[in-house]
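Chemist: Okay, predicted coordinates and the sequence, questions at the end:
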Amino acid sequence: MSNSTANSTLLAPEDMPDESNQFVPEKWFTDQLQAYKYRTTEIDVLKNYHDKRLTATEAAYLFTRPLTIEPNSDHRRSLMRNELHIVMSLLVCALCEWPLVRTPDLIDFLQAFEGLQNGPHESMVHGNKGLEWKDLPYLDPIWRNDYCWEVPGCVAEIYYQHPERRNHEIAQYLKKQDVWAQLVAAGFFTSTDAYLRVLWALEQRPELNDTMHLYDRIIPELHVPAAASWIRTMGRTFYEDAINGKMLDNFAMLKPPSPKMALKCDHMCKDRWAF
């Protein structure tokens, strides 16, 4: 669900989604077919992959075929650039809306793109550089800008105004953070994402909360469990960076050391989070 639809319904659901359920409701697929009626092939591939009738490798190949073959008309060619964004949005939507227990399957699916030897048809090339499926074109900006753009204060603002939304909004935010951590661990996004979220939760000075805009404040029920999720998934990377003294001075939050932060370190060390 994109940010344009996330706030459109302000009534709390009667039942919270079961993130341990292996099965995506059939309605999810029919809703996608209604929304993207020209993308039936890709949606059918996702359904067959969900049902384990296709391997990740088979699904990645079949999923990308419609936008790999040469378009048969100029009109079709003009539509394909928008369709590539739609197709990649469909994958991000699945990451956000399928139960968490199926996230590893979706990551396997994305990793299978690395084995594809071609890319979207050249009619979708922007500038002088061609696109390749192995690079998962547009995945990063779609994830950040369309689906995971909210800071904790933005999420809190919703349930401050609509208390009946509290549990739902918290659960959805923490789910996206969990998925995001898994995507970083799998190598799709930079580990900077992990550090920025954990540093914000653990090192921002809480006594400054009352002087900050809501969007900049620490929201304990969001920041803390989200940081725990990142540490659970990225803990080994954090430890290895600490052992190696990884420099953090390229991080926006610490260049120069922010007065909002309790620590002034510009590198990782084993004592950094000793508390």
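Modeler: Yes, it's here. Numbers count the residues shown, from 1 in each chain.
Chemist: For residue 261, see how far away residue 212 is.
Modeler: Plainly put, residue 212 is 13 Å away from residue 261 if you go by Cβ to Cβ, to the nearest Å. C-beta: built from backbone N, CA, C; applies to glycine.
Chemist: The two: which has the busier surroundings?
Modeler: residue 261 (17 against 13; other Cβ atoms under 10 Å).
Chemist: Excluding sequence neighbours, find me the nearest residue to the more buried one.
Modeler: residue 203 (4.7 Å; Cβ to Cβ, 6 or more residues apart in numbering).
Chemist: tell me, how many neighbours does that neighbour end up with?
Modeler: By other Cβ under 10 Å, neighbour count at residue 203 equals 18.
Chemist: Ok, residue 96 next?
Modeler: 20.
Chemist: I'd say the residue nearest to residue 261 and residue 218 touch.
Modeler: No. Assessed by Cβ atoms under 8 Å, residue 203 is found out of contact with residue 218, at 10.1 Å.
Chemist: about what we covered before: tell me the pLDDT of the residue nearest to residue 261.
Modeler: Listed pLDDT for residue 203 reads 84.
Chemist: Okay, it and residue 197: tell me how far apart.
Modeler: For residue 203 relative to residue 197 (Cβ to Cβ), the value is 11 Å.
Chemist: Repeat that for residue 234.
Modeler: 10 Å.
Chemist: repeat for residue 121
Modeler: Counting by Cβ to Cβ, the gap from residue 121 to residue 197 is 37 Å.
Chemist: what's the residue nearest to residue 261 in contact with, if anything?
Modeler: Neighbouring residues of residue 203 by Cβ atoms under 8 Å, 6 or more residues apart in numbering: 261, 262, 263.
Chemist: from what I can see the second one touches residue 201, true?
Modeler: No. No contact is recorded between residue 262 and residue 201 when judged using Cβ under 8 Å, the distance being 11.5 Å.
Chemist: Look at those two and report which has more neighbours.
Modeler: In terms of neighbours (other Cβ under 10 Å), residue 201 is the more surrounded of residue 262 and residue 201; the figures are 21 against 12.
Chemist: Please identify the buried residues of the helix or strand encompassing that one?
Modeler: Assessed by DSSP states H and E, residue 201 sits inside helix 192-203. By 16 or more other Cβ atoms under 10 Å, the buried positions in helix 192-203 come out as 193, 194, 195, 196, 197, 198, 199, 200, 201, 202, 203.
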